[in-house]
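Participant: compute the structure for the input listed below.
(one chain, ligands or ions: 2)
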Amino acid sequence: MRNLYALVVTGAVMVALLGTIGVLAFNRVMQSDVSRKLMHTTAGLVFMLLWPFYEDSPYSRFCAASLIAGISLYFAAVGLGFFKDHLKLTIAATRTGRPKDLLKGPVLYGLVHTAVTAIYWRDSPVGIMSLCALCGGDGLAVFGGLLGRILGLPWTLPWNSKKSWAGSIAFLLGSFYTSVPLMTLFVDRGFFHLEAHQLLRGCAICSAVGMLVESLPILEYDNLTVPAAVAFTSQLVMSSAASS
Ligand SMILES: C/C(=C\COP(=O)(O)O)CCC[C@H](C)CCC[C@H](C)CCCC(C)C
Ligand SMILES: Nc1ccn([C@@H]2O[C@H](COP(=O)(O)OP(=O)(O)O)[C@@H](O)[C@H]2O)c(=O)n1
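Facilitator: Ligands and ions are numbered 1, 2, ... in the order given. Predicted coordinates:
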C-alpha cells in the first residue's frame, strides 16, 4: 500500500512540475531552451528525492521504474504523432518544438532513468551518482555556457568548439553539488554506507569523468553516454566501498 501512495505522490509531483514548466513555455513566459533544461535538471533530482518514500521491498524499484517508463512512452507517443492536442509538451521539452525531437533527448532521458531505477535503485551510490551527473551536471552545463558568454568568457573547448570551459565547469559543479547532498541523504537513511571521504572522493571523480564525456562531440546521445560512463566509474570507485 505504501508503494501505491508513493506512486501517486510521484505522479502528482511529476505532473505539477513538468506541467508548470510546460505551461510557462507555451505561454512564452520561459524560452523553450530554458524550459527544456529546467525539466532536464529538476525532473530526475526530484524523482530521486521521493525514492525513500517507497516501501522496503524488492518490488519498489520496479514500481517506480514502471511509472517513468510510462511517462517516457507517453513522450514517445507524442513524438510519433499521437495525442496531437498535447503539443504544448513539444514546445517545452524540445529545442525546436518539433514533436519528433521528443524521441531524441527527452525519451532517451526517460528510458535511462527507467533503467537506472530498476537496476540500481537506492541500494547503492551508482544509480544516484549517474542520474545526478545527467541531471545536475548535463542540465546545468547549458546554463554555465550561457553565463560564460554573458560574462565575456566564451572560451570553447579545444576538442569541441560547440562546448565551452564555462559549461564544463558548470557540469562539474552541478554534478558534484547535487550528488553529495543526495548521496548523504541516502547514507543517513541507511540505504547504504559510505565514509564521508569515500563519498566526497567518489562524487568528485565521477563528476570529472561525466564532465569529460559530456564535452565530447557525441551529439544527441550524452543522455546515455554520460550516465553510462559515470555508472561504470562509480562501480569502480564507490560501489566496492559502499555497504548496505
Ligand atoms: C525535457 C527533458 C529532457 C530533455 O533532454 P535534452 O534535450 O536536454 O537532452 C525531460 C524529459 C522528461 C522525461 C521524458 C520524463 C522523466 C520523468 C522523470 C525521470 C521523473 C519525474 C518525476 C518527478 C517526481 C518530477
Ligand atoms: N560543456 C558545455 C555544454 C553545453 N554548452 C552550451 O550549451 C548548449 C547546449 O548544450 P548541449 O548541446 O549539450 O545541450 P543538449 O544536447 O543537452 O540539448 C551548447 O550548444 C553550448 O552553447 C557549453 O557551452 N558547454
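Participant: do stretch 77-91 and ligand 1 meet at all?
Facilitator: No - for stretch 77-91, no contact with ligand 1 is found by CB under 6 Å from any ligand atom; the gap never falls below 8.8 Å. Every residue, glycine included, has its C-beta placed from N, CA and C.
Participant: neighbouring contacts of that stretch?
Facilitator: For stretch 77-91, contacts defined as CB atoms under 8 Å, 6 or more residues apart in numbering pick out 22-23, 25-26, 32, 35, 74-75, 97-103, 106-107.
Participant: next: stretch 207-221.
Facilitator: For stretch 207-221, using CB under 8 Å, 6+ apart, the contacting residues are 104-105, 108, 133-134, 137-138, 141, 157, 159-160, 162-163, 168-169, 171-172, 175-176, 179, 222, 225-226, 229-230, 233.
Participant: so which of those also contact ligand 1?
Facilitator: Within the contacts of stretch 207-221, those near ligand 1 by CB under 6 Å from any ligand atom are residue 105.
Participant: next step: the contacts of stretch 207-221 restricted to strands.
Facilitator: 157, 160, 162, 163 (DSSP state E).
Participant: could those go into JSON lines alongside pLDDT, distance to residue 43 and neighbour count?
Facilitator: Compiled in JSON lines, the ones in strands among the contacts of stretch 207-221 are given as follows (pLDDT from 0 to 100; distance: CB to CB, whole Å; neighbours: other CB atoms under 10 Å):
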{"residue": "157", "pLDDT": "95", "distance to residue 43": "27", "neighbour count": "15"}
{"residue": "160", "pLDDT": "94", "distance to residue 43": "26", "neighbour count": "15"}
{"residue": "162", "pLDDT": "92", "distance to residue 43": "24", "neighbour count": "11"}
{"residue": "163", "pLDDT": "94", "distance to residue 43": "23", "neighbour count": "19"}
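Participant: show me what residue of this structure gets nearest to ligand 1.
Facilitator: Ranked by CB to the nearest ligand atom, the top residue of the chain for proximity to ligand 1 is residue 105, at 2.5 Å.
Participant: pull the contacting residues for that residue.
Facilitator: Neighbouring residues of residue 105 by CB under 8 Å, 6+ apart: 36, 40, 94, 95, 220, 223.
Participant: how about the helix or strand bottoming out on mean pLDDT in the chain and ligand 2, touching?
Facilitator: Ranked by mean pLDDT, DSSP states H and E, the weakest helix or strand in the chain is helix 88-93, scoring a mean of 84. No - Helix 88-93 stays clear of ligand 2 (CB under 6 Å from any ligand atom), getting no nearer than 10.7 Å.
Participant: repeat for stretch 104-119
Facilitator: Yes - residues of stretch 104-119 contacting ligand 2 under CB under 6 Å from any ligand atom: residue 105.
Participant: could you give me the buried positions within that stretch?
Facilitator: By neighbour count with 16 or more other CB atoms under 10 Å, stretch 104-119 contains the buried residues 104-118.
Participant: model confidence over that stretch, on average?
Facilitator: If you average the pLDDT over stretch 104-119, you get 96.
Participant: likewise stretch 209-229?
Facilitator: Mean predicted lDDT for stretch 209-229 stands at 92.
Participant: just give the nearest non-adjacent residue to the most centrally placed residue in the chain, would you?
Facilitator: In the chain, the residue lying closest to the centroid (CA atoms, centre = their mean) is residue 135, at 2.9 Å. The spatially closest residue to residue 135, leaving aside those adjacent along the chain, is residue 44, at 3.9 Å (CB to CB, 6 or more residues apart in numbering).
Participant: correct me, but that neighbour touches residue 138?
Facilitator: No - using CB atoms under 8 Å, residue 44 is not in contact with residue 138; the gap is 10.1 Å.
Participant: please report the distance of the residue nearest to the centre of the chain from residue 230.
Facilitator: Distance of residue 135 to residue 230, given as CB to CB, to the nearest Å: 11 Å.
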